[in-house]
Structures are given as C-alpha cells and as structure tokens.
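Any chance you could fold what I've pasted below:
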Amino acid sequence: MAIDFSLSPELEELRKRIAAFIDVEVRPVEGRIDAERLEETDRDAYVTALLGMRKRARDEHLWLPHMPAEWGGMGLGHVEMAMVQAEAAKTRFGPWVLNCQAPNEGNMHTLLHWGTDEQKQRYLAPLCEGRAESCFAMTEPEVAGSDPTLIQTRGYPDGDEWVLNGHKWFISNAHRSKFAILIARTEDNPDIPQAGNSAFIVDLPTEGWTEVRQIETMHGSTGHSEILIEDLRVGAGQMLGGRGQGHLLGQYRLGPARLAHCMRWIAQAQTALDMMVDRSLNRYAHGSLLAEKQGIQWMIADSTMELYQAKLMVLHAAYKVDRAQAGTGEDFKAEVSMAKHFVANMLGRVIDRSIQVHGALGYSTDTPLAHMYQHARWARFADGADEVHQMRIAQRTIAAYTDTGSTGAATGNLPV
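Residues are numbered from 1 along each chain as shown. Coordinates of the predicted model:
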C-alpha cells in the first residue's frame, strides 16, 4: 500500500523546528512591529527587525526551503513545502523570513527552469540570497487578467533590442523590486493564440518604466502597483525563455504558485479555526459557554470539515506536481485548479465564521481576524477568478466523460 500521509521522522522534526521558530522568533517580533507601528514610526527599526529575523532563519538552517541545495536552499518538494507554508504563514512575515514568499518564490522557480546561466547568476542568485525583490508583470487593466491571450502590452525588435509599450496593474511587489518578469505580446499571427506572448526580464528602475501609483485596496495601499511602460528598451539577452513562450512560461509559474497560495491560506484558516474554538471555550452567554451551543458547534464542525478537505486537496495536488517535475508526465492542472478554487472560498468562510463567534471583538482590529478577512477576499480572483476555474473544471469533466465514459479522471483520478 503506497498511500502514506505520515511524515518521515526527519520531516516531522523539521516541521516542529519551523513551528518553534515561528512561535519564538517571528511571532514576538511581528507583535512588536504592530504594537509600536514601526513601519510608520521608525523605518530603520522596522527594517532592522525584519532583517534580524531573516538572519536567525539562516542561522537555524531554515532558509530558502523550496530551492535546490546548489542555490543555498533546502531542496524540499511541493508536498514538503505544504508542511512548511502551513506553519510559516500562521504569521504575516513567516514566509518572507524564510524567503519562500510570493511573488519571489514563483519567480525563483521560473528563473531556475527557464533562465540562461547568465540570467540565473544575475537575477536568481540575488533572490536566493535575499539581496533583491522581484515582481511578475502580466495583469493589465484594459483586458481580463484571467485570459493572457488578450494582453495588449507590445514588444517589437529594434536591432539588438526589444522596445516595449503597455500598461500593467496590480503588479505585486513592484514598488520595491530590483527586476520584473514582464509578459508582452510579440507575435502578430501566432499559430495558436497561446503562442503570441514572450517574457522579458526588466531591470528596475529603468527609463520607460513608470510606477503610476500603489493601488489602494480593501486592505490599504500595500504594494500592488500600476505601471506605465513607454518605449522601454531591453537587450535581446533579456528575453526569458524562447520567443512566443510567454504563455507557456506563465502557466508553468502559475500552477505551483497557485498551490503555494493555497498552502499559506490553509495556515490562515487554521489560525481562524483555532481562534474560533478558543473563543467558544471562553465566552459565556445565556446560561452556557458558546462551545456548548449547537449553532456554534455547527460553525466549528463546518469549518473543520472544510479545512480537512482543503488539506487533502492541496496534498494530492502537490504530490502530482512533484511527480510531474520528476519527469513522469503527470498532469496536475485540474487538481491545482480545483484546490485553488476550493481553498480560496474555504478561507473566506472560516474567517467569517470566526468573526461571527467573536462578535464585535472579531469585527474590531483588536484581533487579526478583520485584517485576515480583508486579505481573504482577494483569494477568490487572484491567479484566476473563481468562475474561470469553474469553467475549466467543467470542461475537463465533460472531456473526461466524453473520452472514457466516466468522470473519474477529472475527479483526481484516484483509486476510489
């Protein structure tokens, strides 16, 4: 029997080390940053606190868990990373402290797979060493972000350079990035619509790249930038991957990146459920503790079952990604798409129930729930809107039945 959900003793020890590190090293510093509002009141102290946590992560050999050892990482696969992210993302800064946060994590995987040796040394190495930040510039305000074949940012060759013009927005991390991976349309009449785009590495800051603003969102202005690109020139050697391979590169990046988001969302949902149960055990009303009331028990039960489903979906999808990257030819798109849709919605529901059980306290900013809820709403359209994932899931299910007379292949292709 090959199915085994237990961790090896070595991985269980690593999980415990990460959990302890988050509790002892990250959570107290994060609390101090919030309590003293260091980001607004004392920028030097804020940066010192952040870099101090990263130094301790290096000292504890918990740095860069998702990258191979030759790049200074721990060499963990996606199933193992689910365990790491589920602990690290219980705090706001945890993934960043370990250097496995979005969008850098996805950009590291992309550069490792698609970059030339020169590009890896120039761009991947600083990311791995924690000396640089990066962004992925694909989404545009004029067209649907979930359909990259509609991208209007254009690139045309001019001698040994490419000239880029366009408009991007919601480019996370752009405000602090040293470089961007930019997707632009370079082919006018591709054989298929998905072969019209190419990817370029753009050094920042540079002439022709203007940050218009950091877009104000439900959770404030926190680094999702609008970018105007005007006659921006890059050398031919700045193309990442081949000409017309921008869509392929983007899909390679977004599949595992979607799953990494799910891993972090599971951590947030677990935190919200823990808080819900703790509140129910300590709040007395109308003759009994909340934990003894059936309405509250149902909210706890629903949240528990949904979180269990989410964990199983993510583990199975991660298993399929690991097998695919080992060269088995495994297709994981359907499982990642289903996991992304379900986990994003589960996150919002569990946090909402936790707020309800906390009452006015949950609605206030005295607990992290309100902040978590603001961020959770983004999950349902980031990396593909719910409706797009549902459309793809339905198409794959119909295709599976048409091809085989069964929908089994579309429901995880599991032996049950």
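
contacts and neighbour counts: CA atoms only from here.
Noted.

Please go through this protein and pick out the longest strand.
Counting residues, the longest strand found in the chain (DSSP state E) is strand 220-235.

Residues contacting that one, please?
Contact with strand 220-235 is made by 160-175, 200, 202, 206-216, as judged by C-alpha atoms under 8 Å, 6 or more residues apart in numbering.

can you give me the strands in the stretch 151-300 of the chain?
With strands called from DSSP state E, counting those that start in this stretch, the stretch 151-300 of the chain shows them at 154-158, 161-172, 179-185, 197-203, 209-217, 220-235, 239-240, 284-285, 288-289.

can you tell me which of those comes nearest to I398?
strand 197-203 (29.0 Å; C-alpha to C-alpha).

what's the average pLDDT for that closest one?
Averaged across strand 197-203, pLDDT comes to 97.

Run the angle between that strand and strand 161-172 for me.
Relative orientation of strand 197-203 versus strand 161-172 (axes from the mean of the first three to the mean of the last three C-alpha atoms, to 10 degrees): 80 degrees.

Strand 197-203: partners in the sheet, and parallel or antiparallel?
Sheet pairing of strand 197-203 (DSSP bridges) gives strand 179-185 (antiparallel), strand 239-240 (antiparallel).

Now mean neighbour count and distance to R396 too, for these, in CSV please.
Listed next are the strands paired with strand 197-203 as CSV, based on neighbours: other C-alpha atoms under 10 Å; distance: least, C-alpha to C-alpha, whole Å:
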stretch, mean neighbour count, distance to R396
strand 179-185, 24, 27
strand 239-240, 24, 30
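
With distance to Y156 added, can I get these in CSV?
Below are the strands paired with strand 197-203 laid out as CSV (distance: least, C-alpha to C-alpha, whole Å):
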stretch, distance to Y156
strand 179-185, 9
strand 239-240, 12
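
With distance to M305 and mean pLDDT as extra columns, can I get those in TSV?
Below are the strands paired with strand 197-203 laid out as TSV (distance: least, C-alpha to C-alpha, whole Å; pLDDT from 0 to 100):
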stretch	distance to M305	mean pLDDT
strand 179-185	39	98
strand 239-240	43	98
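
Out of those strands, the one nearest A260 is which?
Using C-alpha to C-alpha, those put strand 179-185 closest to A260, at 18.9 Å.

which residues touch the closest one?
Contacts for strand 179-185 (C-alpha under 8 Å, 6+ apart): 107, 123, 133-138, 151-155, 164, 174, 196-205, 246.

With just CA atoms, put stretch 285-303 into CSV.
Written as CSV, here are the backbone C-alpha positions of stretch 285-303 (Å, rounded to 0.1, in the frame of the first residue of the first chain):
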residue,chain,number,x,y,z
ALA,A,285,-23.7,33.8,27.3
HIS,A,286,-27.3,32.8,28.0
GLY,A,287,-26.6,30.1,30.6
SER,A,288,-23.6,28.3,29.0
LEU,A,289,-20.3,28.6,27.1
LEU,A,290,-20.6,29.2,23.4
ALA,A,291,-18.9,25.9,22.8
GLU,A,292,-22.0,24.2,24.3
LYS,A,293,-24.4,25.8,21.9
GLN,A,294,-25.4,23.8,18.8
GLY,A,295,-25.3,26.8,16.4
ILE,A,296,-21.6,27.4,17.4
GLN,A,297,-20.8,23.7,17.2
TRP,A,298,-22.1,23.6,13.6
MET,A,299,-19.9,26.5,12.6
ILE,A,300,-16.9,24.8,14.2
ALA,A,301,-17.9,21.5,12.5
ASP,A,302,-18.3,23.0,9.1
SER,A,303,-15.0,24.8,9.3
